[in-house]
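>>> model this:
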Amino acid sequence: MESKVSRRLKQPPAKEVIQYIFQPRTTREFFTKNFEVLTQINLAHLVMLDQQEILDKTTTATLANALLKMRREGPEVVELDEAREDAYFNYEAHLIRLIGQNVGGRLHTARSRNDIGATNDRIRARGFVIRICSALAGLCDAALSQADAYADYVMPGYTHMQAAQPITYGYYLSALVEAWSRDIDRLMHVLETLDGCPMGACALAGTSFPVDRTLTSTLLGFSQPLGNALDSVASRDFALELSAALSIMMITCSRMVQDFYIWSTPEFGYLTFPDSIAGTSSIMPQKKNPVVLEYLRGKTAQLIGLTSAALTTVKSTHFSHSGDSSRESTRTCWESCEEALKSLELMKLLVRDVQPERERMASRAANDFSTVTDLADLLVRKADLSFRDAHHIIGAVVRRALDEGLPATAITPAMIDDATAEQVGRPAGLSAEDVAQCLDPIRNVNSRQSYGAPAPQGVRERLDVQRRALDTCTTALDATVTRIDDAAALLEQRTRNLAAG
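Below is the predicted model of the structure:
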């Protein structure tokens, strides 16, 4: 018995080869996911073969009708044989069963599984990028709405997980949108990276048939064919770039999740989760567990691992087509995309439904010494001191308050005078009103009006800028979708014209 796909091989594949290598690429799930893209590629290639008169009209019309019949009937009617190695050979075998090998076998003229697979991967990645960009834009939109609503909800800002300076919850969400906007930019760059069509590259060296690669590229929604046949089949760097971009995106998400994890504990009490996004305990009746947060932290680690696996898979492969560089390296990318889409839905749920506890946040900001940097600034402005002296003085005041068990709001001008006298030999002479204003977290935040600072008015102005930038990205994404849809409509029209003879 010979191989079912080549007479070069005089033996059928070993059962272990079928089980471990071919079977995963011939499952019903895998075939179904690739069926529509493979059909598009086949139709575009067929239209090109017809226009270039590489195949005669009778043959191309027969092929067109057979391919349209396969699309109507769907992937379920295709018999899957693991011994045929992969989805493509099973697709071709069904086509040949419909119209015979003499006609059905002609569709493979001037192409290879190599350029078909590379094109399939680019189309599949393109679809994922569009969906992920849309989901990420939705997350940003939700965060911008919440940032606007909570732009004046004062809370402590942290460095090293120690209270640093007062900010607002809206300002925090706006900062996340800045980072996610860069993630959108990275994903939009992935769209540019993968916007080239490999069809016509064949195995690695093009073809002697007079193909029109530009036509095939246009019909599949690409802006141009790739410029080098070898690179076309050798490179899946767009998948690596996509995986890396998703890992970076999820790292930002996990950092927000970690903040939410801490801030939702009773010890902090800054955030309240609705019961609809929490879990409970099988034994402890009082428990309300942050299951969404823990899921997202775990998925971030998983995406990082998948990206590392892809990079390691490609490392040290030859710069040409091979199973590890082209197939194994992209497998992890599809899993990353699926998990990223799920994660973004959960992130949007968190941003939209988690409620900040205004009084608790403001109380902590008032009492945990996050306001005292303004006291040092006040000494610079009104006591004619260098900032370094002011820093030492306020540090001594904080130390005294801690030793005496006093909150920040209990700091007095007298305490500042004592520390100033010890540092520079004279009192500071600050008024009680000035000290109180510095220690008031609301006034403290409102006074921070430098570019990019947390004053509510400045935050809301920045939100307008962020919305416009998000609209620009959405418009560019819509233009890409329109180009792809227009190409699909053109391909449909050309195919039906071809089928009609």
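
>>> list the buried ones in stretch 56-74?
Buried residues in stretch 56-74, counted by 16 or more other Cβ atoms under 10 Å: 59-68, 70-71. In short, each C-beta sits where N, CA and C put it, glycine included.

>>> Distance to L491 for those residues - can I get that in CSV?
Listed next are the buried residues of stretch 56-74 as CSV, based on distance: Cβ to Cβ, whole Å:
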residue, distance to L491
T59, 19
T60, 14
A61, 16
T62, 18
L63, 14
A64, 11
N65, 15
A66, 16
L67, 11
L68, 12
M70, 15
R71, 12
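
>>> Can you redo these as a markdown table, where the extra columns are distance to A376, pLDDT and secondary structure?
Putting the buried residues of stretch 56-74 into a markdown table (distance: Cβ to Cβ, whole Å; pLDDT from 0 to 100; DSSP: H, G, I helix; E, B strand; the rest coil) gives the following:
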| residue | distance to A376 | pLDDT | secondary structure |
| --- | --- | --- | --- |
| T59 | 84 | 97 | helix |
| T60 | 80 | 98 | helix |
| A61 | 83 | 97 | helix |
| T62 | 84 | 98 | helix |
| L63 | 79 | 98 | helix |
| A64 | 78 | 98 | helix |
| N65 | 81 | 97 | helix |
| A66 | 79 | 97 | helix |
| L67 | 74 | 98 | helix |
| L68 | 76 | 97 | helix |
| M70 | 74 | 96 | helix |
| R71 | 71 | 96 | helix |
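
>>> residues in contact with A175?
Contact analysis of A175 by Cβ atoms under 8 Å, 6 or more residues apart in numbering lists nothing.

>>> R255 versus that one, what's the distance?
11 Å (Cβ to Cβ, to the nearest Å).

>>> does V190 really touch A244, like I thought?
No - counting by Cβ atoms under 8 Å, V190 stays clear of A244, with 9.2 Å between them.

>>> what about the two, which has more around it?
V190 (25 against 19; other Cβ atoms under 10 Å).

>>> any idea which helix or strand carries that one?
Taking DSSP states H and E as the criterion, V190 maps to helix 169-193.

>>> Phi, psi for A428 please.
phi -80, psi -40 (degrees, to the nearest 10).

>>> er, P356 actually
According to degrees, to the nearest 10, P356 has phi -80, psi 140.

>>> how much space is there between it and A149?
For P356, the distance to A149 - Cβ to Cβ - is 9 Å.

>>> Of the two, which one has the most company?
Shown here are P356 and A149; by other Cβ under 10 Å, P356 has more neighbours (20 against 13).

>>> right, and that one touches L271 too?
Yes - P356 is in contact with L271 according to Cβ under 8 Å; the separation is 5.9 Å.

>>> Run the chain-centre distance for the longest helix along the chain.
Longest helix in the chain, counting residues (DSSP state H): helix 456-499. Put simply, helix 456-499 sits 17 Å off its chain's centre (Cα atoms, centre = their mean, to the nearest Å).

>>> That one versus helix 169-193: what angle between them?
Relative orientation of helix 456-499 versus helix 169-193 (axes from the mean of the first three to the mean of the last three Cα atoms, to 10 degrees): 30 degrees.

>>> Quick check on T252: phi, psi?
Given degrees, to the nearest 10, the pair of backbone angles that T252 has is phi -60, psi -40.

>>> how many other residues sit next to it?
17.

>>> quick one: contacts for it?
176, 179-180, 183.

>>> want to throw those residues into JSON lines with neighbour count, distance to M361 and pLDDT?
Output for these, formatted as JSON lines (neighbours: other Cβ atoms under 10 Å; distance: Cβ to Cβ, whole Å; pLDDT from 0 to 100):
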{"residue": "L176", "neighbour count": "21", "distance to M361": "17", "pLDDT": "98"}
{"residue": "A179", "neighbour count": "16", "distance to M361": "22", "pLDDT": "98"}
{"residue": "W180", "neighbour count": "23", "distance to M361": "23", "pLDDT": "98"}
{"residue": "D183", "neighbour count": "22", "distance to M361": "27", "pLDDT": "98"}
